[in-house]
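dropping a prediction and its sequence here:
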Amino acid sequence: MSTCVEQILNDTPLSPIIAGGKAHNYRQGVICMEWCERFKEFRDRNRCVVYFPNLHEGEDAEAYGIFLSLMRVKMGIMVLAPDREERYEPVYRDALKYHLQTIRHSRLFTSFVPIKTRVYFVETAELCDAFYGCVDFCVPGGTLIGGAVDLAKAIADGCPLILGPKMPDNAVRQGLLAAGAAVWAQDNAEIVDLAKAWLNDPAAARAAAEKAKVWWGQHGA
């Protein structure tokens, strides 16, 4: 269960790290749960929900390629969020070439995402951190082609991490891997293999996410 939903059930306020340093109150937790509820039909049918957050220039094409490969293994939906507002429209328009049914977050007027949807496009900057607790795993932006990598919010919300091939070989990567708190792929094909393993063993993914919280609490910046 995601951290945000656990906080709702306990009727306790969210801590700053869980809320991403923004609003720190019960209402934000309610909003978080509401976004997760949008994927209810996918959960009811045992379909995967995967997240590619904060994608830098060129990484969206990599994300689509990985997702298309993953769909040969298990059907589901990709939540995708470019890293900057000025990239929202260009990325959305370019992605039309993939012919995947896409819903833009700001234009969903029903309670649940329709089951035939393949891409949930997040084009609201302040909400890109709200989906970590809703997904099976995420592949953080900056780890596919390169660029700044932000893991703090994903870890705080208990989101299992698959680190792409361009994740810097630094103390964070080394520490997380040594602790069994994340997995790292040497190429995009291995991302698909690691995703398959976690989708087949969600308990292992959740265990890694819990280890990441512990490690980050001890070592994270």
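Nice, I can see it. Residues are numbered from 1 along each chain as shown.

max-length helix in the protein?
Taking DSSP state H as the criterion, the chain has its longest helix at helix 202-219.

return the distance of that one from the chain's centre.
Centroid separation between helix 202-219 and its chain, computed with C-alpha atoms, centre = their mean, to the nearest Å, is 15 Å.

and what of stretch 65-84?
On C-alpha atoms, centre = their mean, the centre of stretch 65-84 falls 10 Å from that of its chain.

how about that stretch, which residues are buried there?
Using 16 or more other C-beta atoms under 10 Å as the burial criterion, the residues of stretch 65-84 that qualify are 65-67, 69-71, 76-83. For the C-beta atoms, the positions are set from N, CA and C on the backbone; glycine is no exception.

now that stretch - C-alpha only, CSV.
Taking Å, rounded to 0.1, in the frame of the first residue of the first chain, the C-alpha atoms of stretch 65-84 are listed here in CSV:
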residue,chain,number,x,y,z
GLY,A,65,9.9,1.8,-26.6
ILE,A,66,10.3,0.2,-23.2
PHE,A,67,6.5,0.3,-22.5
LEU,A,68,5.7,-1.2,-25.9
SER,A,69,8.1,-4.1,-25.2
LEU,A,70,6.6,-4.5,-21.8
MET,A,71,3.1,-4.7,-23.3
ARG,A,72,4.1,-7.9,-25.0
VAL,A,73,4.4,-9.4,-21.5
LYS,A,74,1.6,-7.8,-19.5
MET,A,75,-1.1,-5.3,-20.5
GLY,A,76,-1.4,-2.1,-18.6
ILE,A,77,-0.9,1.7,-18.7
MET,A,78,2.1,4.0,-18.7
VAL,A,79,2.0,7.2,-16.6
LEU,A,80,4.3,9.6,-18.3
ALA,A,81,5.5,13.0,-17.1
PRO,A,82,8.0,15.3,-19.0
ASP,A,83,10.3,17.3,-16.8
ARG,A,84,9.3,20.8,-17.9
